[in-house]
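[1] Mind folding the following:
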Amino acid sequence: MRKGVIQATLKGRQWRHGAVLWPFTVAGLIGRRQSGSTAPCFVAKRRRRTAAARTANKRQATGLDSSAPATRSRASHGSGKDTDASFVTNSDADSEADRDPPRHDESGTDDTLSGGEERAEDAPVPDVSDTTGAYQSLFGSRPMHEAVLLVVCRAAVLMNKLCGDNESEGLHHTTEKAMALQNEAYQFVCHYVEVLFGPVHTTKMHALAFHLVDELLNRRNLIEADTSVNEALHRLSKIMFANTNKQTTSFPVQRLRCEQTLARIIADDADDKMRAAAGLPIISRSAGGRAGIFDSVGDGVPEEGAPGVGPPVTNNPLQGDTAGEAQAEVEDADDEATNAEFGGAAAAGGGRGGRLRRRRRRVRISGRRLRVGDAVAADEGRLQGLQELLGVGAEQYLIVGISLKFEAELEWRPNRRLDQFVRAAPNFYRKPWFDHVIFRDANFPGKPQCGLARLLVRAVDGVRRDIVIIQRLVYATPRDNCVLTLFGCKRFKWDLDEETGFPKLAAVALVDVQRLEHVVPDFEELCERHGLLGTPATIPDTPHERRRQRYFSNIFFPWTSNSIDDTP
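    Presented below is the predicted three-dimensional model:
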């Protein structure tokens, strides 16, 4: 890259987050021109100095060539064409470079490397054809753009295995698995990448292909390495240094005292927790050495009656409420029986025949009050049929939220559930956010369904419900010999309602939501219909387009990981 040009590349942990999205962004996008294609091909001219021009300019700058003109001359003054010699196409540049190779005394300039050779971007692209033996042995009869997609998918799979994504908890890897992973990395670097893009001479690719098993056996783990852990540990040391007087003869001792003080505080906190768990009074420690007895039941509140201690102060019950959100008191849908003592008193009072008295429990939830008719009319009528689905009238009210917490059921961790949040908000941090989910449906026993969450209902007409209104997706026929389907991605389409032109709705209880699903558009199909500039935000939102839209589930997305970082 030339000076001042920002390189469009991924850095550090961006590889971790970008690799899971590459397969869908490059699908059908990158490849060689098909034989016999009549599509227009624009060959852009780029500004670069030829070897002869660079030599002439350098001689003129050093004063060795006094007869050189002060300005660049045109190739033809009398003709109608005004051609600049510094603007050449790629083919012209390669031919001129062959006639006049660069001199080694030009090293250090923008156009040469330290040894005087041309930049890597000017080196000839390896002649890869889908008819060569090496290509056919890896990709068979696939066209070039599918071969590129296959290599990107293998890169995403390799990244998932290195980071331990979507694996059972406590999984142990053996030496045989480490060797198999080393062989997969070697095949990826030295075969798939090299056949398509040529040999990549970088230290990272070399370490991945030849030294991966050494790292695995020496470090005894399969998690992602990240320098941020060391940086986070340095932060504490930097804070301790900031608390010293910066004297070189004494600040190491001062830092040790800070560390010892911190260790003492942590030990005292652990001791207080142990005493509280055992029901013993907690000892108050202060800088002056005074100690007070705290009641363990009060969680750190001084015991009433102690010297200098007044009556206990209770917290405001509304202190934890979210500011700006409407508060609504609704009734629980399920009646709750009173306790045995209350029931016994009711039986003794007579009139109830010994039966337990039942009462409705009032609960407080956060949300937004929304009229059912307004919800149906909003968003161009996308939620038509909501009244029949919930069995309510247009004048009744709903309490809706922007997110709901639930326990996700993961196929690779059947014995443990993971807390996830499903969101359905037209404006979440100034952008819309609607999650796709996998849910259970009684009409399709044993077959998990997929859909897009459009509305999160907390209560219906004063009764708590916790329902997710979902737009249904159904499985679509995959492409013939599709690469993404080969790696396990499932293809979807909208389950359209012919009367409304919008996807059919389903009211799913929150307990029937199994987990979130990452669903992305089928960009290859989208580009075939609308070109490279076609995106889900630019295509018209019509029933005809919704009928033709296709989507893929992202099998590479890491919902759980053994990585030291949080998942994307």
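[2] number of nearby residues for Thr261?
    12 (other Cβ atoms under 10 Å). Quick note: C-beta positions are derived from backbone N, CA and C, even for glycine.
[3] if I look at it, how far off is Ile470?
    For Thr261, the distance to Ile470 equals 54 Å [Cβ to Cβ, to the nearest Å].
[4] Angles on the backbone of Val392, please.
    Torsion angles at Val392 (phi, psi; degrees, to the nearest 10) stand at phi -130, psi 170.
[5] and it, how many neighbours does it have?
    Val392, neighbours per other Cβ under 10 Å, totals 15.
[6] same question, the one 3 residues further on
    Around Glu395 there are 9 other residues, counting by other Cβ under 10 Å.
[7] what's the pLDDT at it?
    With respect to pLDDT, Glu395 scores 93.
[8] just checking, Leu398 is part of a strand?
    Yes - membership of Leu398 in a strand is supported by DSSP: H, G, I helix; E, B strand; the rest coil.
[9] wait, it sits on Ala459?
    Yes - at 6.9 Å, Leu398 and Ala459 qualify as touching, with contact defined as Cβ atoms under 8 Å.
[10] SS state for Gly170?
    Of the three states, Gly170 takes coil under three-state DSSP.
[11] and the longest helix for the chain?
    Longest helix of the chain, by residue count under DSSP state H: helix 251-278.
[12] what helices or strands is that one leaning on?
    For helix 251-278, the elements it packs on are helix 228-242, strand 282-283, judged by 3 or more Cβ pairs under 8 Å, 6 or more residues apart in numbering; DSSP states H and E.
[13] Quick check: which of the ones you listed is nearest to Gly501?
    helix 228-242 (48.6 Å; Cβ to Cβ).
[14] part of a strand, is Pro469?
    Pro isn't right for residue 469; it's Ile. Yes - under three-state DSSP, Ile469 sits within a strand.
[15] contacting residues around it?
    Counting by Cβ atoms under 8 Å, 6 or more residues apart in numbering, Ile469 makes contact with 383, 386, 389, 424, 453-457, 505-508.
[16] Not counting its neighbours along the chain, what's nearest it?
    Spatial nearest neighbour of Ile469, excluding adjacent residues (Cβ to Cβ, 6 or more residues apart in numbering): Leu455 at 3.9 Å.
[17] Need the pLDDT of the one you found.
    The model reports Leu455 with a pLDDT of 95.
[18] which residues does it contact?
    So Leu455 contacts 375, 383, 386, 400, 424, 468-469 (Cβ under 8 Å, 6+ apart).
[19] Reformat those as TSV; add distance to Gly501 and pLDDT.
    Compiled in TSV, the contacts of Leu455 are given as follows (distance: Cβ to Cβ, whole Å; pLDDT from 0 to 100):
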residue	distance to Gly501	pLDDT
Ala375	18	93
Leu383	13	93
Leu386	16	93
Val400	24	94
Ala424	21	95
Val468	22	96
Ile469	18	96
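[20] Out of the residues you listed, which is nearest to Ile438?
    Val468 (11.7 Å).
[21] longest strand in the chain, by residue count?
    Scanning the chain for the longest strand, with DSSP state E as the assignment, gives strand 413-428.
[22] Partner strands of that one, with direction?
    Each strand paired with strand 413-428, and its direction, by DSSP bridges: strand 403-410 (antiparallel), strand 431-434 (antiparallel).
[23] tell me the most buried of the ones you listed?
    Counting by mean count of other Cβ atoms under 10 Å, strand 403-410 has the highest mean neighbour count of the strands paired with strand 413-428, with a mean of 16.
[24] Tabulate the CA atom coordinates of it in PDB.
    Taking Å, rounded to 0.1, in the frame of the first residue of the first chain, the C-alpha atoms of strand 403-410 are listed here in PDB:
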ATOM      1  CA  SER A 403     -36.200  -7.400  25.200                       C
ATOM      2  CA  LEU A 404     -37.000 -10.600  27.100                       C
ATOM      3  CA  LYS A 405     -34.700 -12.800  29.000                       C
ATOM      4  CA  PHE A 406     -35.100 -16.600  28.600                       C
ATOM      5  CA  GLU A 407     -33.100 -19.800  29.100                       C
ATOM      6  CA  ALA A 408     -31.700 -21.000  25.700                       C
ATOM      7  CA  GLU A 409     -31.600 -24.700  24.900                       C
ATOM      8  CA  LEU A 410     -28.500 -25.500  22.900                       C
END
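[25] hmm, who's touching that strand?
    Residues outside strand 403-410 that contact it (Cβ under 8 Å, 6+ apart): 166, 416-425, 456, 458, 466, 468, 510-511, 513-516, 559-560.
[26] same deal with stretch 549-556?
    Residues outside stretch 549-556 that contact it (Cβ under 8 Å, 6+ apart) are 19-21, 23-24, 153, 156-157, 159-160, 450, 473, 476, 484, 487-494, 517-522, 525-526.
[27] Among those, which ones are in strands?
    For those, membership in strands holds for 450, 473, 491-494, 517, 519-521, with DSSP E as the criterion.
[28] on that earlier part again, ok, and which of the helices and strands packed on helix 251-278 has the densest surroundings?
    Mean neighbours per residue, mean count of other Cβ under 10 Å, is largest over these for strand 282-283, with a mean of 18.
[29] by contact count, what packs against that strand?
    Under the contact criterion of 3+ Cβ pairs under 8 Å, 6+ apart, strand 282-283 touches helix 251-278, strand 293-294.
[30] Check the ones you listed for me: which has the lowest mean pLDDT.
    Among the helices and strands packed on strand 282-283, strand 293-294 carries the lowest mean pLDDT (a mean of 42).
[31] following the helix or strand where Leu149 lies, which helix or strand comes up?
    For Leu149, the enclosing helix or strand under DSSP states H and E is helix 144-163. Elements were assigned by DSSP H and E; along the chain past helix 144-163, the next helix or strand is helix 175-187.
[32] got the angle between that next one and helix 144-163?
    Interaxial angle of helix 175-187 relative to helix 144-163 (axes from the mean of the first three to the mean of the last three Cα atoms, to 10 degrees): 150 degrees.
[33] Would you mark the buried spots in helix 175-187?
    Buried residues in helix 175-187, counted by 16 or more other Cβ atoms under 10 Å: 178, 181-182, 185.
[34] And stretch 472-479, by the same measure?
    In stretch 472-479, counting by 16+ other Cβ under 10 Å, buried: 472-473, 476.
[35] picking that back up, ok, which pair from the contacts of Ile469 is furthest apart?
    Across the contacts of Ile469 (Cβ to Cβ), the longest gap, 15.2 Å, separates Leu389 and Ala424.
[36] More neighbours: which of the two?
    A direct count of neighbours by other Cβ under 10 Å for Leu389 and Ala424 places Ala424 higher, at 24 against 15.
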